[in-house]
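Chemist: got a structure for you, letters missing:
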């Protein structure tokens, strides 16, 4: 009872307060708002430790049981602990901690992201087919924008009547008019969805965050 | 909804069916190029212009011009909140604009209050600030300060509107913010002339919502190319006064401030990469249509008889 | 056994009223008080002691209108009114995907996206996860859920456990099936890709909010031959999912899908309210366009919304 009702009560009380404070500039309400923000920072910091413990527990268990891939779990644990110890004993402004970030983490993260270039090229070749009128329009617009967003798009064009007509100009029009209209429509739709979900959470209707799924036509 | 493209187990559409079973000759190559050739072509397209730089003309777009105007409108002694909202994964795309903007701000005598909403942004912010400060002879605490990282990004954005010192009681290096000279007369958005968000995620949009809509903070942003597409509605409505989009945005800004650097140099590789992708799309479609004309396709898959090697 | 003495004798310990009173008491206790200089400053700032920010009226009115719509449709749904939601085609594929994985004896992979638990896409994904867990448990098959956020992981564990329980197979649940990978974006993508290459799942579900790592995961899954169902409200990633996945729930179809599966009247009511609000927005946009053509001055609205609203 307490396990279910108390979180819902907190969600309702604090949700209504944070909603109301946006429209009430009174100093009393502003002070309460600042207090809530302070507590929010504290709680958020605690959730990071939850993630660290979960990581250590998962990989530690794999290592102890010698499951398949336990070696990689060992590498993950050693890396995590070594980085923490490097920061504690040698500081974070320089030394091994900074070296680990600049020479290990940064190149690895950048490398993983750079793989996207290859995946995009492969996906473009494999799946972008002009199967229908809509697909053809999408394809042509995509190609124009891709070329228009690099200097090649500025080069590919011609001058007429004192004005420059180039792929970059067409790309700019596509981004300014149809793209902007579509993005704005999607923003409005997603925004309404977010308000709806937030209202459901505030009213205690939505309880997925408590681990109570609403599947199977019942709801719990 | 997407079309059904159910692959057979262990295979993927578009991969080479093998010389013994697929269509012969150039048609076969066009229709089903092994993805490893594509990867190699992309690697060469990006690497060669890096090794043999090609200088391409840069045309300035209106959103970059607007960004530039906002920076140039600042006066010496003004304070700017600079948020490093990215991690090392998008460093290659955002570092050029970060360095260009910091150089311009320090050259104009603007005071920079820096922070980050990502744990991985701490190392980046620290390194870029120190490098720019060294180039311009700036002093920590007087000309710039690095507040560091706060895990609760939404709470941080809101709390900065009330008090910077309460949000960051100490800076990244553990020094109490109450003792930092730069922050003596600056404690909230109302004291900050401009917010600069360099983001590889939606954080620029959230800055516009939390800092801009609620507290009226004037802001500009620098974003990855894919994220920049989402900034257009905010730019058009005036919530974001100007923005730099991707490496090209950095190249345009470097051109405007007459400081060509990695942004300009990277245009060769970016152009080659984009041209390759367009060429691949065209090649794939040419192969697709030729195969359809020859009756070798049922829907978008090779017919069973073709897969068995009979043409 | 005697109950411990409770000074709040007006309420039964553990009752809903008791809990709400405790929450209110905590809130009041935590609220700071004005003392000394603060009290003096309050007195001099009498002009700031407003109880309503009139410049935010253009935000307040639509919010009240939308909340009324939500409340109205929820009441209608509670009253037994039948609210129609169109069939979401991608949901039919879920059964097919789970059946395929069971026949092939290969795992089912579920990724609830990279956002935190308070985001609507994650909430929708978790709702669908419960359905998937129940269905797979009825086929005597388990679901592997890879998480980027530790709180989402905790919720996912509860949801999967509940799903197995509803199917009558609580013994199927293993905590190591629903695990935390890493908070790093591309570290998570690498972890998911590695899991797919090692275990070769037959069905991949990418439901939630995704970022640039989506193509890495979708392409890897495509290369392993899995049937892939995606759903995201992140429209930057939709093109990648559409090219690499078999079925894609686009934008709000993800929210609608979770409501459709649950068939909960309260959720249906809020979904209908969303649709009605969108209709109102369209009407106002058309009115604005017409006003623009007719030269009607709309500056009063801009003036009202320009001052911080």
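Modeler: Right, received. Where do you want to start? Treat the numbers as computed from the prediction; the structure is a model and nothing was measured. Residues are numbered from 1 along each chain as shown, chains lettered A, B, ... in the order given.
Chemist: Mind listing what's buried along the helix or strand harbouring residue A:137?
Modeler: Secondary-structure assignment from DSSP states H and E places residue A:137 in helix A:133-148. Using 16 or more other C-beta atoms under 10 Å in any protein chain shown as the test for burial, helix A:133-148 gives A:139, A:142-148. Glycine gets a C-beta too; all of them are placed from N, C-alpha and C.
Chemist: what is the mean pLDDT for stretch C:243-258?
Modeler: The pLDDT scores in stretch C:243-258 average 84.
Chemist: How about residue A:115: what's its closest non-neighbour residue?
Modeler: Using C-beta to C-beta, 6 or more residues apart in numbering or on different chains and skipping the chain neighbours, the partner closest in space to residue A:115 is residue C:216 (6.2 Å).
Chemist: quick revisit: show me what the helix holding residue A:137 is packed against.
Modeler: In this structure, helix A:133-148 makes packing contacts with helix A:167-174, helix B:267-293, judged by 3 or more C-beta pairs under 8 Å, 6 or more residues apart in numbering or on different chains; DSSP states H and E.
Chemist: Show me the one of the ones you listed that comes nearest chain C.
Modeler: helix B:267-293 (11.4 Å; C-beta to the nearest C-beta).
Chemist: Which parts of chain A are strands?
Modeler: Taking DSSP state E, the strands of chain A run over residues A:157-160, A:163-166.
Chemist: Just name the most buried of those strands.
Modeler: strand A:163-166 (a mean of 13; mean count of other C-beta atoms under 10 Å in any protein chain shown).
Chemist: what's that strand in contact with?
Modeler: Contact partners of strand A:163-166, identified using C-beta atoms under 8 Å, 6 or more residues apart in numbering or on different chains, comprise A:148, A:153-159, B:59.
Chemist: make it 7 Å
Modeler: A:153-154, A:156-158 (C-beta atoms under 7 Å, 6 or more residues apart in numbering or on different chains).
Chemist: what bits of the stretch 1-150 of chain C have low per-residue confidence?
Modeler: C:1-48 (pLDDT under 70).
Chemist: thinking again about what came up before, export the strands of chain A as TSV, with columns for mean pLDDT and distance to residue C:289.
Modeler: Formatted as TSV, the strands of chain A follow (pLDDT from 0 to 100; distance: least, C-beta to C-beta, whole Å):
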stretch	mean pLDDT	distance to residue C:289
strand A:157-160	81	32
strand A:163-166	81	28
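Chemist: Among these, which comes closest to residue A:183?
Modeler: strand A:163-166 (23.4 Å; C-beta to C-beta).
Chemist: what about residue 72, neighbour count?
Modeler: You didn't say which chain, so I picked chain A. Neighbours of residue A:72 under the rule other C-beta atoms under 10 Å in any protein chain shown: 14.
Chemist: not quite, I wanted chain C
Modeler: Counted with other C-beta under 10 Å, the neighbours of residue C:72 add up to 14.
Chemist: Now do the SS call for it.
Modeler: The three-state assignment at residue C:72 reads helix, by DSSP: H, G, I helix; E, B strand; the rest coil.
Chemist: quick revisit: please dump the helices and strands packed on helix A:133-148 into a markdown table; it should also carry mean neighbour count and distance to chain C for every row.
Modeler: Output for the helices and strands packed on helix A:133-148, formatted as a markdown table (neighbours: other C-beta atoms under 10 Å in any protein chain shown; distance: least, C-beta to the nearest C-beta, whole Å):
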| stretch | mean neighbour count | distance to chain C |
| --- | --- | --- |
| helix A:167-174 | 19 | 15 |
| helix B:267-293 | 19 | 11 |
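Chemist: Out of these, which gets nearest to residue A:197?
Modeler: For these, the distance to residue A:197 is smallest for helix A:167-174, at 32.0 Å, taking C-beta to C-beta.
Chemist: quick revisit: contacts for the helix holding residue A:137?
Modeler: Contacts for helix A:133-148 (C-beta under 7 Å, 6+ apart): A:128-130, A:153, A:156, A:167-168, A:170-172, A:174-175, B:274, B:277-278, B:281.
Chemist: one more time with 10 Å, if that's ok
Modeler: A:124, A:128-132, A:152-157, A:166-175, A:178-179, B:3, B:229, B:248, B:271, B:273-275, B:277-279, B:281-282, B:285, C:239 (C-beta atoms under 10 Å, 6 or more residues apart in numbering or on different chains).
Chemist: And the helices and strands packed on helix A:133-148: which comes nearest residue C:287?
Modeler: helix A:167-174 (26.5 Å).
Chemist: Output the contacting helices and strands for that closest one.
Modeler: helix A:133-148, helix A:151-155, strand A:157-160 (3 or more C-beta pairs under 10 Å, 6 or more residues apart in numbering or on different chains; DSSP states H and E).
Chemist: Domain map for chain B?
Modeler: Domain ranges of chain B: B:3-53+B:268-310, B:62-260, per automatic domain parsing.
Chemist: can you redo those domains as TSV with mean pLDDT?
Modeler: Converted to TSV, the domains of chain B look like this (pLDDT from 0 to 100):
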stretch	mean pLDDT
domain B:3-53+B:268-310	69
domain B:62-260	95
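Chemist: Relative to residue C:198, which of these is closest?
Modeler: Closest among these, once you apply C-beta to C-beta, is domain B:3-53+B:268-310, at 15.0 Å.
Chemist: With residue A:191 as the reference, measure out to the residue of chain A positioned farthest from its centre.
Modeler: When distances are taken from the C-alpha mean of chain A, residue A:161 lies farthest, 46.4 Å away, according to C-alpha atoms, centre = their mean. As judged by C-beta to C-beta, to the nearest Å, residue A:161 and residue A:191 stand 42 Å apart.
Chemist: same thing with residue C:173?
Modeler: Applying C-beta to C-beta to residue C:173 and residue A:191 gives a distance of 37 Å.
Chemist: Which one of these two is surrounded by more residues?
Modeler: residue C:173 (19 against 13).
Chemist: Does the more buried one touch residue C:156 like I think?
Modeler: No: Residue C:173 lies out of contact with residue C:156 (C-beta atoms under 10 Å); the separation is 11.5 Å.
Chemist: Which residues are in contact with each of the two?
Modeler: Joint contacts of residue C:173 and residue C:156 (C-beta under 10 Å, 6+ apart) are C:133, C:143.
Chemist: ok so, going back, number of residues surrounding the residue nearest to residue A:115?
Modeler: Residues within reach of residue C:216, counting by other C-beta under 10 Å, total 22.
Chemist: With residue C:112 instead?
Modeler: 30.
Chemist: got the contact list for it?
Modeler: C:121-126, C:128-129, C:145-149, C:152-153, C:155-156, C:159, C:178, C:205-209.
Chemist: The residues you listed: which ones sit near chain B?
Modeler: residue C:209 (C-beta under 10 Å from any C-beta of the partner chain).
Chemist: Would you mind measuring from the closest residue to residue A:158 other than its chain neighbours to residue B:210?
Modeler: Leaving out its chain neighbours, the residue that sits closest to residue A:158 by C-beta to C-beta, 6+ apart is residue A:165, at 5.8 Å. According to C-beta to C-beta, residue A:165 stands 41 Å off from residue B:210.
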